[in-house]
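Asker: here are the coordinates; sequence isn't available:
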């Protein structure tokens, strides 16, 4: 066997020793939920919740305190330093959680979303072990994209890409083959890993101040017709089902691919493909091979910074010449409307 599922999943911290990394990876008894919230001025807040189960802590034995240190304030501060320019820890809490587990809640301030780097949510990339960081970049769109509807002038786009060019899956490469004896070992390990992953959860969510806009090249957005403001880049847990309605981890062919580290395997891909319409499916491989792009309207502050006094070119969608950017036509005014309505109610 070459590798198994958990060491490939994104952990937002560095373990102090290889043995503790293997312990956490093998136990599978942890939950990591991260939300990246972009504000109207282009800054962001990163909120991390990391939980270690009682089983994981007990497995640590004499090194339990060393493991708990990973949930501490000092460790959270060190993570912030690796997330980009000016990122700082503003709040931290270490608390008891259900089933005698321990969890940390950390809130980090990001002055500029374009300076943020985080752990990649796309472990299916072939060079993930050496290339597992993503970078965020905010881009104002002054022109339209190609005829595929890739972008629309007047929108804001946040690009989420591998910090270094990722090695993509090449259809020309021959599929890996495994000897029957190897396959049998994987099948025997399946039930063991299903039991280990009983409390596992990994999630990375991107959220903004206004509704997201679906577009070619953007990740599949659940509830987009309901003007949702967030999208999952990865969302996987032991509670997920497969496309047949059974437990995702009980699907033997899916488990075989996970154990082989093939998170973009044929069976995995088939059972996650409809995740936008089916919220019981895990979110994996959400436009992760070459990065992803997330679109929304500019706030007043972003408009003044990036669009004010500039021209918008809507070609090839129209033959008309470029027009001046106007906030009333392209800007997000949700918060502005809310303040006006609140003032009227007081009167």
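Answerer: Done, it's in. What you are looking at is a predicted structure, and each value in this text was computed from that prediction instead of being measured. Residues are numbered from 1 along each chain as shown.
Asker: Tell me which residues of the helix or strand hosting residue 58 come out buried.
Answerer: If you go by DSSP states H and E, residue 58 is part of helix 54-60. Neighbour-count burial for helix 54-60, counted by 16 or more other CB atoms under 10 Å, picks out 55-57, 59-60. All C-beta atoms are positioned from the backbone trio N, CA, C, and that covers glycine.
Asker: the strands in the stretch 1-150 of the chain, which residues?
Answerer: Counting by DSSP state E, counting those that start in this stretch, the stretch 1-150 of the chain has strands at residues 30-38, 44-52, 88-96, 102-110, 117-119, 133-140.
Asker: so residue 106 sits right up against residue 92, yeah?
Answerer: Yes - counting by CB atoms under 8 Å, residue 106 touches residue 92, with 5.1 Å between them.
Asker: Which neighbours do those two have in common?
Answerer: Common contact partners of residue 106 and residue 92 (CB atoms under 8 Å, 6 or more residues apart in numbering): residue 76.
Asker: More neighbours: which of the two?
Answerer: Neighbour count, other CB atoms under 10 Å: between residue 106 and residue 92, residue 106 has more, with 26 against 18.
Asker: who's that one bridged to?
Answerer: Going by DSSP bridges, residue 106 is paired in beta bridges with residue 48, residue 92.
Asker: any idea how far residue 264 is from it?
Answerer: Separation of residue 106 from residue 264 (CB to CB, to the nearest Å): 31 Å.
Asker: Please confirm that residue 279 is located within a strand.
Answerer: No - assigned with DSSP: H, G, I helix; E, B strand; the rest coil, residue 279 falls outside any strand and is coil.
Asker: Give the burial count for it, as a bare number.
Answerer: Residues near residue 279, counting by other CB under 10 Å: 13.
Asker: wait, what's in contact with it?
Answerer: With CB under 8 Å, 6+ apart, residue 279 has these contacts: residue 222.
Asker: could you pull out the helices for the stretch 151-300 of the chain?
Answerer: 180-196, 252-259, 266-272, 300-306 (DSSP state H, counting those that start in this stretch).
Asker: For the strands of the stretch 1-150 of the chain, give me a markdown table that also has distance to residue 80.
Answerer: Converted to a markdown table, these look like this (distance: least, CB to CB, whole Å):
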| stretch | distance to residue 80 |
| --- | --- |
| strand 30-38 | 13 |
| strand 44-52 | 8 |
| strand 88-96 | 5 |
| strand 102-110 | 5 |
| strand 117-119 | 11 |
| strand 133-140 | 15 |
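Asker: re the thing from before, quick one, which of the helices of the stretch 151-300 of the chain gets closest to residue 136.
Answerer: helix 300-306 (14.5 Å; CB to CB).
Asker: so where is this protein shaky, pLDDT-wise?
Answerer: By pLDDT under 70, the low-scoring segments of the chain are 1-28, 146-151, 168-178, 182, 216-217, 286-290, 335-347.
Asker: wait, residue 85 sits on residue 113?
Answerer: No - the pair residue 85 / residue 113 is not scored as a contact, 11.3 Å apart, by CB under 8 Å.
Asker: Looking at these two, which is more packed in?
Answerer: Neighbours were counted for residue 85 and for residue 113 using other CB under 10 Å; residue 113 has more, 22 against 11.
Asker: how near is that one to residue 42?
Answerer: For residue 113, the distance to residue 42 - CB to CB - is 6 Å.
Asker: For residue 125, state which of the buried residues of helix 54-60 is nearest.
Answerer: Nearest to residue 125 out of those is residue 56 (CB to CB; 26.6 Å).
Asker: Please name the nearest non-neighbouring residue to that closest one.
Answerer: residue 29 (4.1 Å; CB to CB, 6 or more residues apart in numbering).
Asker: for residue 214, same thing?
Answerer: Per CB to CB, 6+ apart, closest to residue 214 is residue 224, 5.1 Å.
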